[in-house]
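>>> Below is the sequence, then the predicted model.
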Amino acid sequence: MHLRGVVLPGHEVRDLWVRDGRVTFEPVPGAETLCDTGWIVPGLVDAHCHVGIRYGGGDETREGAIAQAETERDAGALLLRDAGSPIDTRFIDEREDLPRIIRAGRHIARPKRYIRELGIELDDERDLPEIVAEQARFGDGWVKIVGDWIDRSVGDLRPLWSDAVLKEAIDAAHANGARVTAHVFGEDALPGLLEAGIDCIEHGTGLTDETIELMVEHRTALVPTLVNIDTFPDIADSAGKFPVYAAHMRDLHRRVRRTIADAHDAGIPIYTGTDAGGSIHHGRIADEITALTEAGFSPHDALGAASWHARTWLGHSTIEEGAPADFVVYPEDPRTNLATLTTPAHVVLRGHAYPRANPVTAHR
């Protein structure tokens, strides 16, 4: 296969070839030209995605999980960090036509402090280090814990874990070669998680100047999932029994783009994630990239957060000699026209091309 176009993040028109599923810049005799113009982007990354959770809730079937992965592929998301799934999706690894998945095992939470039956629920927080180590061995280098959730006894978001057990648990993950990320909506759980050495924060709507400074100090990554945060008003509307919590969620939503802009300005590494699965449709990576530009990112930086920077962060290659041929071809420069992200001309995964005849459905 032969392609010619602007290879991002660069600006030059280049020729590249695909041979045996890998990129080469050396001519391949007899290669068929897939395109002779376009913008070639390293495969997009949804770094917070739940293949295996049915839209609307519950465990997805095997066939449903495959359909979710196909939707992500068609949107150009060729690398997924599955930030918690109730089912084992390793059967997807057997499919050459589906995205690569980096798994974080199952969510780890406390009873009645997360979505029912979705994660592992610990009656005694002292079991957290052992369960984290177990999930570290089961996953693909990541563990996902629930950092905060509504505590109905007080009617607002509250941390699930003590600072001491968080430190022990995160150390246990690191000892098993895994990084740790945490679901965090509010303010109170962040200091303990960051001081314990957590590697990433999901959502991060409650970041303050102080915790942004801590994230910079510890080089903690952030995946803000802005398309999910846009559901906060609906969550608040459904929480009539908990007016303090509802007001808190509305306030977090109101200031989220300023919060993420402050984090970006401070130099926190930020990557795209849609939180697809459950209440968010799959295939919305283009919407998340656009949302980052609404939070002050340049289109170039927003695309990088969904492509070359995110791939490097997760230990995967971009478009380079000998790398797996995972990339997306667009008819226009997506940095100057974000709308083109919904109309990839070609998706190339493991060296196989998947033409895109119709635009990806947008939900914003």
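Perfect, thanks for sending it.
>>> for the worst-scoring helix or strand of the chain on mean pLDDT, packing partners?
Taking mean pLDDT, DSSP states H and E as the measure, the chain has strand 352-355 as its least confident helix or strand, at a mean of 90. Where contact means 3 or more CB pairs under 8 Å, 6 or more residues apart in numbering; DSSP states H and E, strand 352-355 is packed against strand 346-349. In this view, the C-beta of every residue, glycine as well, is placed from N, C-alpha and C.
>>> just how off-centre is the strand it packs on within its chain?
Average the C-alpha atoms of strand 346-349, do the same for its chain, and the two points are 20 Å apart (CA atoms, centre = their mean, to the nearest Å).
>>> likewise stretch 24-38?
Taking the mean C-alpha point of stretch 24-38 and that of its whole chain, the gap between them comes to 31 Å (CA atoms, centre = their mean).
>>> try stretch 228-239
Relative to its parent chain, stretch 228-239 has a centroid offset of 20 Å by CA atoms, centre = their mean.
>>> Now it: buried residues?
Of all the residues in stretch 228-239, those buried under the rule 16 or more other CB atoms under 10 Å are 228-230, 232, 235-236, 239.
>>> just stretch 291-299 next, same as before
Buried positions in stretch 291-299, judged by neighbour count with 16+ other CB under 10 Å: 291-292, 295-297, 299.
>>> Now render the buried residues of stretch 228-239 as TSV, adding distance to residue 42 and pLDDT.
Below are the buried residues of stretch 228-239 laid out as TSV (distance: CB to CB, whole Å; pLDDT from 0 to 100):
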residue	distance to residue 42	pLDDT
228	24	97
229	26	98
230	27	97
232	31	98
235	34	97
236	37	98
239	40	96
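>>> Need the residues that contact stretch 338-356.
Contacts of stretch 338-356 from elsewhere in the structure, counted by CB atoms under 8 Å, 6 or more residues apart in numbering, are 1, 18-22, 34-35, 38, 43, 73-76, 78, 96-99, 285-286, 289-290, 293, 299, 324-334, 359-362.
>>> So among those residues, which ones count as buried?
So, of the contacts of stretch 338-356, 1, 18, 22, 34-35, 38, 43, 73-76, 78, 98-99, 285-286, 289-290, 299, 324-331, 333-334, 360 end up buried under the neighbour-count rule (16+ other CB under 10 Å).
>>> Compute the number of surrounding residues for the nearest residue to residue 175 once chain neighbours are set aside.
Taking CB to CB, 6 or more residues apart in numbering, and ignoring the residues beside it in sequence, residue 175 has residue 133 as its nearest neighbour in space, at 7.3 Å. Residues contacting residue 133 under the criterion other CB atoms under 10 Å number 18.
>>> Lovely, talk soon.
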